[in-house]
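[1] all I have is the shape, not the residue letters:
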């Protein structure tokens, strides 16, 4: 890692007097900390990193950055700062500044961020050395730790950024000078922290503030806030995507053939025939962004098409398909909001799955709209023919009532509501049989993927 202790001291306005050395890495977790790492003591929701400062020292940390410290016990270099989260982000941006030639792509949006990021990285990797955000790490911590993994050989950095409050994206990306900014779509995710979807759109538009001169933006022309977002981009090149005929790059609705979804993309008077293992039209939106990025980075069309055909989302809990003891599992349990549920249900209809059991958990961070949106979810579930409905969480009655209001095919006593996951898992285990399909979806805190272990 091209970073010295003395540089970090200077960055925080301090003078370093000890023996200088190269830093081997940055750590916020003593379990993975290595010798000569810099340890940041971060205060999280569950743990306070300050409790592990001395563990970090024992494991060989060359520098500790903290908000409070017992000086008498310190046996290594340390810096005291007001806010370790802000300090971590500041150092990450300083480190990123060392990579002048690395192209930077940033993705945000209510849905599809991670899938789009993974597709882009897959396509670009056919020609370039790419570093991308791991998993769905899209907050200040994930952003910072991703940047610290940069090396000289990396030509492109692909970052995913999320938010649930106004100003978060602005703060994370301030000074990054990005080359391409992407908004996948505007939906209801985190609506509980905003007045309306328009405010969500405005908060997402902060992704454009970091664009450097000559950079470009990629926007969803089918989105209701396309015009609003476009107005934020004066003197910035905009590429639009979607089904809309006025899109710079557009697609036609796909059809299923075997394990693949087939579809067409139209760009600059050319037609491209593609196939993907991903399911659902919403994933074509994600793919088309990757296709455009590939063309902008001069990757051969045949290589882009091949990358899309072979692409899979493994271990991301996003519409992951597998078989357990003859039971077909579709695990979409990473997260949930009303928009993503709509898309999932549309996809399940298109797939024409038989013997379908829906396992649905609460959608969170909806604020005053909690009852309304869970009732609406119940109505949506009534639009698909299912063999059983298992509901988990605090808001199950709202979902159940919505389902019954919309006259779903199940009788009232066949809709099972539970607040205990173990009991839920055992109930599913006793009902579901070989040849059935189990679909799992709910907000992240529910960890609905744990239901799988009851089927093994």
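    Yep, it's here. As the structure is a computational prediction, the values presented were derived from the model and not from experiment.
[2] biggest helix in this structure, by residue count?
    Ordering each helix of the chain by length in residues (DSSP state H) puts helix 281-296 first.
[3] what about it, distance to the chain center?
    16 Å (C-alpha atoms, centre = their mean, to the nearest Å).
[4] check which helices and strands the helix or strand just after that helix sits against.
    Sequence-wise, the next helix or strand downstream of helix 281-296 (DSSP states H and E) is helix 301-310. Under the contact definition 3 or more C-beta pairs under 8 Å, 6 or more residues apart in numbering; DSSP states H and E, helix 301-310 sits against helix 113-124, strand 270-276, helix 281-296. From N, CA and C alone the C-beta is placed, and that goes for glycine too.
[5] okay, these in a markdown table with distance to residue 176 next?
    Listed next are these as a markdown table, based on distance: least, C-beta to C-beta, whole Å:
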| stretch | distance to residue 176 |
| --- | --- |
| helix 113-124 | 16 |
| strand 270-276 | 31 |
| helix 281-296 | 18 |
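[6] tabulate those (a markdown table), appending mean pLDDT.
    Converted to a markdown table, the helices and strands packed on helix 301-310 look like this (pLDDT from 0 to 100):
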| stretch | mean pLDDT |
| --- | --- |
| helix 113-124 | 97 |
| strand 270-276 | 97 |
| helix 281-296 | 97 |
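[7] make CSV out of the ones you listed and add distance to residue 254 and mean neighbour count.
    Formatted as CSV, the helices and strands packed on helix 301-310 follow (distance: least, C-beta to C-beta, whole Å; neighbours: other C-beta atoms under 10 Å):
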stretch, distance to residue 254, mean neighbour count
helix 113-124, 15, 25
strand 270-276, 8, 15
helix 281-296, 6, 24
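[8] do you know which of the ones you listed lies nearest residue 316?
    With distances scored as C-beta to C-beta, the stretch of these nearest to residue 316 is helix 113-124 (6.2 Å).
[9] show me how far that closest one is from its chain's centre.
    Remark: helix 113-124 is offset 11 Å from the chain centroid, using C-alpha atoms, centre = their mean.
[10] contacting residues for residue 187?
    109, 110, 111, 197, 200, 337, 338, 339, 340 (C-beta atoms under 8 Å, 6 or more residues apart in numbering).
[11] in a strand, that's where the second one is, yeah?
    This means residue 110. No - counting by DSSP: H, G, I helix; E, B strand; the rest coil, residue 110 falls outside a strand, being coil.
[12] excluding chain neighbours, what is closest to it?
    The shortest distance from residue 110 to any non-neighbouring residue, by C-beta to C-beta, 6 or more residues apart in numbering, is to residue 187 (3.3 Å).
[13] which residues in the stretch 51-200 of the chain form helices?
    Listed in chain order, the helices of the stretch 51-200 of the chain (DSSP state H, counting those that start in this stretch) span residues 53-58, 84-96, 113-124, 140-147, 168-173, 197-204.
[14] reformat these as JSON lines; add distance to residue 442.
    Below are these laid out as JSON lines (distance: least, C-beta to C-beta, whole Å):
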{"stretch": "helix 53-58", "distance to residue 442": "35"}
{"stretch": "helix 84-96", "distance to residue 442": "28"}
{"stretch": "helix 113-124", "distance to residue 442": "17"}
{"stretch": "helix 140-147", "distance to residue 442": "22"}
{"stretch": "helix 168-173", "distance to residue 442": "24"}
{"stretch": "helix 197-204", "distance to residue 442": "21"}
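[15] comparing these by mean pLDDT, which bottoms out?
    Mean pLDDT is lowest for helix 53-58 out of these, coming in at a mean of 92.
[16] buried stuff in it?
    53, 54, 56, 57 (16 or more other C-beta atoms under 10 Å).
[17] does the residue nearest to the third one when sequence neighbours are not counted have beta-bridge partners, and which?
    What it means is residue 56. For residue 56, ignoring the flanking residues on the chain, the nearest one in space by C-beta to C-beta, 6+ apart is residue 39 at 3.8 Å. Using DSSP bridges, the bridge partners assigned to residue 39 are residue 27, residue 64.
[18] residue 39 contacts residue 32, doesn't it?
    No - counting by C-beta atoms under 8 Å, residue 39 sits too far from residue 32 to count as a contact (10.9 Å).
[19] tell me which of those two has more neighbours.
    Each of residue 39 and residue 32 has its neighbours counted (other C-beta atoms under 10 Å); residue 39 has more, 28 against 10.
[20] for the more buried one, which residues are in contact?
    27, 28, 30, 33, 49, 53, 56, 61, 63, 64, 65.
[21] how near is residue 364 to residue 373?
    11 Å (C-beta to C-beta, to the nearest Å).
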